[in-house]
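Student: Model the following, please.
(chains A and B, ligands or ions: 8)
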There are 2 protein chains.
Amino acid sequence: AVSALDSQSSHETTILPGLINIAAFIPGVATEGDADFEKATKESIAAGFSMIRILPMGVGNSITDAAALNTALSNTKSAHADFNFSVAATSDNDAQLRELTNKVASLFIPFNHLSGNINKVAKVTGHFGVWPEHKPIMTDAKTTDLASILLLASLHNRKIHVTSVTTKDDITLIALSKEKGLAVTCDVSVYALFFTQEDFPECSVLPTVEDQKALWQNMNIIDCFSIGSLPYQLAHDLKQKPLASVGIADALPLLCTAISEGRLTVADIIARLHENPKNIFDLHDQPDSSVEIEIGRPYIAEESDVWSPLVGRTLKGVVKRVTFQGKTVALDGQVSSDGTLGKDWSAWMPHTVVPQLSSPSIAQFD
Amino acid sequence: AVSALDSQSSHETTILPGLINIAAFIPGVATEGDADFEKATKESIAAGFSMIRILPMGVGNSITDAAALNTALSNTKSAHADFNFSVAATSDNDAQLRELTNKVASLFIPFNHLSGNINKVAKVTGHFGVWPEHKPIMTDAKTTDLASILLLASLHNRKIHVTSVTTKDDITLIALSKEKGLAVTCDVSVYALFFTQEDFPECSVLPTVEDQKALWQNMNIIDCFSIGSLPYQLAHDLKQKPLASVGIADALPLLCTAISEGRLTVADIIARLHENPKNIFDLHDQPDSSVEIEIGRPYIAEESDVWSPLVGRTLKGVVKRVTFQGKTVALDGQVSSDGTLGKDWSAWMPHTVVPQLSSPSIAQFD
Ligand SMILES: [Zn+2]
Ligand SMILES: [Zn+2]
Ligand SMILES: [Zn+2]
Ligand SMILES: [Zn+2]
Ligand SMILES: [Zn+2]
Ligand SMILES: [Zn+2]
Ligand SMILES: [Zn+2]
Ligand SMILES: [Zn+2]
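Tutor: Numbers count the residues shown, from 1 in each chain, chains lettered A, B, ... in the order given. Ligands and ions are numbered 1, 2, ... in the order given. Model (predicted):
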């Protein structure tokens, strides 16, 4: 896709640490025999993401119990990047969560999708009761649901990460909550920073122009960037082929272009795609992984196998080389990874502490 | 209705201060020429309530702007008890609230009824921005909406009162919130303490048996008792005549019966129908008002003009005499009030302080 570029060029390059996608959407995540996992990890490593946190919500299937987790794991024989799995909360799986806590990296609360919406507050309280205090919790709650879960998390002294914030109201609420000491963090999908409903009226999950403006104005509130399911949803809404790999390769070129335009800094990206993800989600270190990028040289994005809204646009940033575990796994868009380097980190524990002492950074209400 | 009783009897009587109904439901509150106000105040004073806080939500009409408030006031020419009016929040009346703040006693946020439910969180934030910090805010929010508004109130350092709690989940959430220092108070309708969905399956707004048990177990969390709209809704659901006066006369007999059974104390009632209401809602003092009750003598409730679910039941508490402004206005159920004593206290200000200093009891999050 970046054929106009020459890897022997004299332009300055920047070295980033291995990047982390904290919300990797894999449509067939819990579907037996599905190939989406391999495709997604391959596209990820080529794009500079050496670690992906896989959302437990797929299309049709989700990881809500041990059987589904086993199915998901059976699809990981070929893995081009490190990964971990999470478990999704449902209205009635709090009991099953107990046996999964040591096998997954985090609990995901799909607040808008819990079946039996009669009493979501009580349901979520049940999950907080079962889930270990030191393990991350992520949610995609919005508007009233977001306020509701922020209160519950605070009342139960739980840290909570809000994924894929897209609106002015939600980022404002999170900003205010942070200001008051609530233990909340958040991410914004890269697509939400660069595409709006005005660009693609067919896609109502994109931010409005006003929403997007508020996201940029609250950049200091945004802890992480993510890929999320937004690219998949956009492709779907535009009647394009919605693949597991859509949107991944667009992330760094979009962000680097913003750097070249002075809207972001390299440090902003390292913080939101490496340091903060690692700290918030207690991830392992990847010392021999890095991404070489070139910022500033304009080129026109070309068509490829994976649909992208960027085709035909002028971009000013490109991934030159990706190093994973000391090996070059991608060079100028050519992937040389053989799928043997990626490891499952779902059960990894970052520190062995007694749970009571494990959340010193949690703000108390009183 | 209590013809079997003799006011010269030798049984012990107890003197309560003038009682306060913090949630008086008047169906025709904002309907021009409606007589509900007089009926409700007359029934109130006969039942021992010398002060009523009128809910701004009627049937069909509500007090949401200056015009509706004027209509409500025009119906108050004959007033048997002191009263004040509140204003109801709608999706788009935050601007109009400014001109009403000094004319009403509190803001009521009908969280489940805001028109345009698209983004309730943002709407409520707008109302918090406009409403003076020192003036009371009341809501009837439940479940997720309740959690949501509790968070917003806390983030904005606002005290909030939750009216007509009916479920185990909600009282549990409020208990936890209080434990963590949130500035929340609540009331339970007297009917919710004594009637369940098992008694009246037609009425889904009543608590279940389990809910009611939780309400009694959390009596220390319940700041106030109220009449609310629950009696009206019960009458409506049972296809009885739903009048402005339904439920009011039943409150003290039910509560006194609970005292005689050892489930409540006289102090519980004074706290929840006088002291706490006065403190929470910054109400004026009524020094020459009192209610003489007799507790313990069993009698069977008889039919009257106003439908009551108590007819035929054995009760053990009765209102003997109500004194208002030093005058006996009701004696053994006979009302001698002429409707000239009740005053409008909507605009009354309890203390002249600068707003910044007016909420010392508010718990901060951080
Ligand atoms: Zn160059
Ligand atoms: Zn698939
Ligand atoms: Zn808890
Ligand atoms: Zn690092
Ligand atoms: Zn007697
Ligand atoms: Zn009427
Ligand atoms: Zn505020
Ligand atoms: Zn008093």
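
Student: Look up the closest residue to A:Asp145, ignoring the ones flanking it.
Tutor: A:Phe111 (4.4 Å; Cβ to Cβ, 6 or more residues apart in numbering or on different chains). No exception for glycine: its C-beta is placed from N, CA and C like everyone else's.

Student: just how off-centre is stretch A:270-288 within its chain?
Tutor: 12 Å (Cα atoms, centre = their mean, to the nearest Å).

Student: For that stretch, which residues meet the burial criterion?
Tutor: A:Ala271, A:Arg272, A:Leu273, A:His274, A:Asn276, A:Pro277, A:Lys278, A:Ile280, A:Phe281, A:Asp282, A:Leu283, A:Gln286 (16 or more other Cβ atoms under 10 Å in any protein chain shown).

Student: what about chain A, any weak spots by pLDDT?
Tutor: Chain A contains residues with pLDDT under 70 at A:1-11, A:112-122, A:351-366.

Student: That one: helices as residue ranges?
Tutor: A:36-46, A:66-74, A:94-100, A:120-130, A:143-155, A:168-179, A:190-194, A:209-217, A:230-237, A:251-260, A:266-270, A:276-280 (DSSP state H).

Student: what's across from A:Ala24 in the sheet?
Tutor: Applying DSSP bridges to A:Ala24 gives these bridge partners: A:Ile54, A:Gly228.

Student: Spit out the contact partners of the closest residue to A:Asn102 other than its chain neighbours.
Tutor: Spatial nearest neighbour of A:Asn102, excluding adjacent residues (Cβ to Cβ, 6+ apart): A:Ala347 at 6.1 Å. Taking Cβ atoms under 8 Å, 6 or more residues apart in numbering or on different chains, we find A:Ala347 in contact with A:Asn102, A:Lys103, A:Val104.

Student: From these, pick the one nearest chain B.
Tutor: A:Val104 (25.9 Å; Cβ to the nearest Cβ).

Student: wait, doesn't A:Thr90 sit right on A:Thr64?
Tutor: Yes. Counting by Cβ atoms under 8 Å, A:Thr90 does reach A:Thr64; the two are 5.1 Å apart.

Student: Mind putting the buried residues of stretch A:270-288 into CSV with distance to A:Ala47?
Tutor: Formatted as CSV, these follow (distance: Cβ to Cβ, whole Å):
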residue, distance to A:Ala47
A:Ala271, 18
A:Arg272, 15
A:Leu273, 11
A:His274, 14
A:Asn276, 19
A:Pro277, 15
A:Lys278, 18
A:Ile280, 21
A:Phe281, 19
A:Asp282, 24
A:Leu283, 18
A:Gln286, 15
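
Student: separation between A:Glu302 and chain B?
Tutor: A:Glu302 is 40 Å from chain B, where distance means Cβ to the nearest Cβ, to the nearest Å.

Student: which residue sits closest to A:Ser337, ignoring its sequence neighbours?
Tutor: Nearest non-adjacent residue to A:Ser337 (Cβ to Cβ, 6+ apart): A:Val329, at 4.0 Å.

Student: State the number of residues packed around that neighbour.
Tutor: Using other Cβ atoms under 10 Å in any protein chain shown, A:Val329 is surrounded by 23 other residues.

Student: That one contacts A:Gly342, correct?
Tutor: No. Using Cβ under 8 Å, A:Val329 makes no contact with A:Gly342, being 9.9 Å away.

Student: Need the overlap of contacts for those two.
Tutor: By Cβ under 8 Å, 6+ apart, the residues touching both A:Val329 and A:Gly342 are A:Ile45, A:His80.

Student: Can you check the contacts of A:Ala347 and name whichever has the most neighbours?
Tutor: Result: A:Val104 is most packed of the contacts of A:Ala347 (other Cβ under 10 Å), 23 neighbours.

Student: Can you tell me how far it is from B:Leu173?
Tutor: Relative to B:Leu173, A:Val104 is positioned 28 Å away (Cβ to Cβ, to the nearest Å).

Student: Over to A:Gly18?
Tutor: 42 Å.

Student: try A:Val29
Tutor: Taken as Cβ to Cβ, the span from A:Val29 to B:Leu173 is 33 Å.

Student: quick one: which of those two has more around it?
Tutor: Set A:Val29 next to B:Leu173 and count neighbours by other Cβ under 10 Å: A:Val29 wins out with 29 against 26.

Student: which ones are touching that one?
Tutor: A:Asp36, A:Phe37, A:Ile54, A:Leu55, A:Pro56, A:Met57, A:Gly58, A:Asn61, A:Ser62, A:Ile63, A:Ala72, A:Asn75.

Student: repeat that with 6 Å
Tutor: For A:Val29, the contacting residues are A:Gly58, A:Ala72, by Cβ atoms under 6 Å, 6 or more residues apart in numbering or on different chains.

Student: so can I have JSON lines of the contacts of A:Ala347 showing distance to A:Arg313?
Tutor: As requested, these are arranged in JSON lines below (distance: Cβ to Cβ, whole Å):
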{"residue": "A:Asn102", "distance to A:Arg313": "45"}
{"residue": "A:Lys103", "distance to A:Arg313": "42"}
{"residue": "A:Val104", "distance to A:Arg313": "38"}
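
Student: Closest to B:Pro231 out of these?
Tutor: For these, the residue nearest B:Pro231 by Cβ to Cβ is A:Val104; the value is 50.1 Å.

Student: which residues does the closest residue to that closest one other than its chain neighbours bridge with?
Tutor: Sequence neighbours aside, A:Val87 is the residue nearest to A:Val104 in space, at 4.7 Å (criterion: Cβ to Cβ, 6+ apart). Taking DSSP bridges, one finds A:Leu107 as the beta-bridge partners of A:Val87.
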